[in-house]
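>>> fold the stuff below for me.
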Amino acid sequence: MNLAIRSKLSFMMFLEFFIWGSWFVTMGTFLGMNLQASGAQTGAAFSTQSFGAIIAPFVIGLIADRYFNAEKILGLLHLGGAALMFMMYQSETFLIFYPAVFIYMILYMPTLALVNSVSFRQMQDPEREFASIRVWGTIGWISAGLVISYLFHWDSVEGMSEGLLRNTFLMASIASVVLGFFSFTLPKTPPRAERGKQVSISEIMGLDALKLLKDRNYLVFFISSILICIPLAFYYQNANPFLAEIGVTDPTGKMTIGQVSEALFLLLLPVFFKRFGFKATLLVGMMAWVVRYALFAFGDAGSGLWMLIIGIALHGICYDFFFVSGQIYTDSKADAKIQSAAQGMITLATYGIGMLIGFAIAGQVTDIYLHADGSHDWNSIWLIPAGIAILVVLFFLILFKNEVLSKKTDSQPIHK
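Numbering: from 1, shown residues only. So this is what the prediction gives:
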C-alpha cells in the first residue's frame, strides 16, 4: 500500500470515529441533564444505533456489494448525516431529538462496514495491515473527547448546567460534512459481484453472508458477539453519566484514556494474534469486561478513583481483542463477493441485535436502581453486566474450537 492511499484511509478512519466520539459518549449525560430524559428514554435513544446496525447489512448487501462504489455511498451517507446532526443540535425536547437520532443512526451504522470494506480492498494481508489504519479511528475518538473536556469544557459542571453539551452535535455535523466530501477522493471500491448475473432476492439483500453461520465456529463467535454486546451497552449508556454523577472531574476527557489504551492494544493485536491465536485473543477481550465492571462497581471519585481509571483503561483490551479481532476473523471467512455484506452482518450482530437488547436492559436496570434524590445505586448496576460477561466467557470457552485464521488463498481454516 503506497503512502498516499494509507494517508487517505487513515484520515477516513480518523473522521469516521471523531464523528461518533463527538456526541455518543456524552449523549446520556446530555439527555438526562438537558432534555430531562428518563433511563428508559435514554436507552431508547442509544438503541437507535442498534436499529441502524440491523438495517446496515441489507443496505450494504443491496448497494455496496452489487451496484455502487462503496466510497461514493460513504460520502452520501455522511452528508445526509450532517443535516440530521444539525437537527439534533437544535432539538429542545426528547420528542424532537429522538426521530432525528433514529434516522441518523440508520445512515451512520452502514458506514462502519463501508470504511472497513474500503480499507480491506486495499490490503494484501489485513491481519497485519488493518491495525495500523484502524488505529487512526481510535485517535479520532480520543481527539473528540479531549476537545469536549479540555478545549471547550462542555462537560464541566458549569458547561453542563448551561447546556453546552448541545454543541457536540454541531461539531459532529461539521465533521460529517468534511468526511462526506472527502469520501469521494478515496480509492475506488467498486462492487465485486457480477452485474450481469441473475441473482436471488437473498443475494440482492446481502443475505448470502448468512451462509457463514453454517460454520460451527463462526456460529459460536456470532452468538458470543451478540451476548457480549449486552454488557457493552451498559458502558456506552452509563459510563459518562456515572462518572459525572459521582463527581469525577472532566469525565469525557478521562474516558479518552480508554481510547489511548485502544490505540496501544490495536498495535499489539497482530503480535498477540500470532503468539496466542484467535480464541485466546477473544477470551482475553471478554474477560476484561468482567474485570472492568467489577472495578466500576467498587470504585469512587475519591480514594477509589484509581479503580475507575484502570476500568476505563481496560477499554483497549475489551474492544480491540474482541471487536476488531472479530472484523478480521469475519473478513478471513468471507469470499470476495460477500465481504461487504459479511462486515455488515457482524455489525448487525454486535451493534445491532446485541446492543438493542443491551440498551433495553441497561435502561430498565438504571431506572430500577434510581434513588428518590436522583442518584443511582451504581454498585448494583455495574455488577449486572459483570455477571453477564462471565456467562459469555464460559459459553465461548466451551464451544469454540481453537482456529488459525486462513489466508485468502487457502481453501479452509485450520482447526486444532
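
>>> the spatially most central residue of the chain: what's its closest spatial neighbour, skipping adjacent residues?
Nearest residue to the geometric centre of the chain (C-alpha atoms, centre = their mean): residue 351, 6.5 Å. Nearest non-adjacent residue to residue 351, counting by C-beta to C-beta, 6 or more residues apart in numbering: residue 53, 3.7 Å away. Using the backbone N, CA and C atoms, a C-beta is placed for each residue, glycine as well.

>>> and residue 357, by the same measure?
For residue 357, ignoring the flanking residues on the chain, the nearest one in space by C-beta to C-beta, 6+ apart is residue 230 at 5.7 Å.

>>> what's the local residue count around that neighbour?
Counted by other C-beta atoms under 10 Å, the residues lying close to residue 230 total 24.

>>> any idea which element it lies in?
helix 216-245 (DSSP states H and E).

>>> got the buried residues for that helix?
217-218, 220-245 (16 or more other C-beta atoms under 10 Å).

>>> hang on, the earlier thing: and the residue nearest to the centre of the chain, how far from residue 85?
The gap separating residue 351 from residue 85 is 18 Å, by C-beta to C-beta, to the nearest Å.

>>> likewise residue 166?
Residue 166 is 11 Å from residue 85, by C-beta to C-beta.

>>> more neighbours: those two, which one.
residue 85 (28 against 18).

>>> secondary structure class of the residue nearest to that one when sequence neighbours are not counted, three-state.
Leaving aside its sequence neighbours, residue 85 sits nearest to residue 173 (C-beta to C-beta, 6+ apart; 3.6 Å). Classification of residue 173 using DSSP: H, G, I helix; E, B strand; the rest coil returns helix.

>>> ok, now which ones touch residue 173?
Applying C-beta atoms under 8 Å, 6 or more residues apart in numbering, we find residue 173 in contact with 82-83, 85-86, 89.

>>> longest single helix anywhere in this structure?
If you go by DSSP state H, the chain has its longest helix at helix 251-298.

>>> that older thread, can I get the contacts of residue 173 in JSON lines with distance to residue 316, secondary structure and pLDDT?
What follows is the contacts of residue 173, written out as JSON lines (distance: C-beta to C-beta, whole Å; DSSP: H, G, I helix; E, B strand; the rest coil; pLDDT from 0 to 100):
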{"residue": "82", "distance to residue 316": "30", "secondary structure": "helix", "pLDDT": "98"}
{"residue": "83", "distance to residue 316": "34", "secondary structure": "helix", "pLDDT": "98"}
{"residue": "85", "distance to residue 316": "28", "secondary structure": "helix", "pLDDT": "98"}
{"residue": "86", "distance to residue 316": "33", "secondary structure": "helix", "pLDDT": "98"}
{"residue": "89", "distance to residue 316": "31", "secondary structure": "helix", "pLDDT": "97"}
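
>>> quick one: which of the residues you listed is nearest to residue 266?
residue 85 (26.6 Å; C-beta to C-beta).

>>> list the contacts of the closest one.
23, 104, 169-170, 172-173, 176.

>>> hmm, back to that, any of the contacts of residue 173 buried? List them.
Buried members of these, counted by 16+ other C-beta under 10 Å: 82, 85-86, 89.

>>> returning to what we had before: which one of the contacts of residue 85 sits in the busiest neighbourhood?
Taking other C-beta under 10 Å as the neighbour criterion, residue 176 ranks highest of the contacts of residue 85 with 29 neighbours.

>>> show the pLDDT at residue 178.
Reading off the confidence values, residue 178 has pLDDT 98.

>>> just want the angle from whichever strand or helix holds it to helix 251-298.
Here residue 178 sits within helix 167-182, counting by DSSP H and E. Here helix 167-182 runs at an angle of 110 degrees relative to helix 251-298 (axes from the mean of the first three to the mean of the last three C-alpha atoms, to 10 degrees).

>>> pull the CA atoms of helix 167-182 into CSV?
Written as CSV, here are the backbone C-alpha positions of helix 167-182 (Å, rounded to 0.1, in the frame of the first residue of the first chain):
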residue,chain,number,x,y,z
ASN,A,167,-22.5,21.8,20.9
THR,A,168,-21.2,18.3,20.5
PHE,A,169,-23.8,17.6,17.9
LEU,A,170,-22.8,20.8,15.9
MET,A,171,-19.2,19.6,16.0
ALA,A,172,-20.2,16.2,14.7
SER,A,173,-22.3,17.8,11.9
ILE,A,174,-19.3,19.8,10.7
ALA,A,175,-17.0,16.8,10.7
SER,A,176,-19.7,14.8,8.8
VAL,A,177,-19.7,17.4,6.0
VAL,A,178,-15.9,17.2,5.8
LEU,A,179,-15.9,13.4,5.6
GLY,A,180,-18.8,13.4,3.2
PHE,A,181,-16.9,15.3,0.6
PHE,A,182,-13.6,13.7,1.4
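
>>> how about the nearest residue to residue 91 once chain neighbours are set aside, what does it touch?
Leaving aside its chain neighbours, residue 91 sits nearest to residue 97 (3.9 Å; criterion: C-beta to C-beta, 6+ apart). Counting by C-beta under 8 Å, 6+ apart, residue 97 makes contact with 31, 35, 45, 88, 91.

>>> noted, bye for now.
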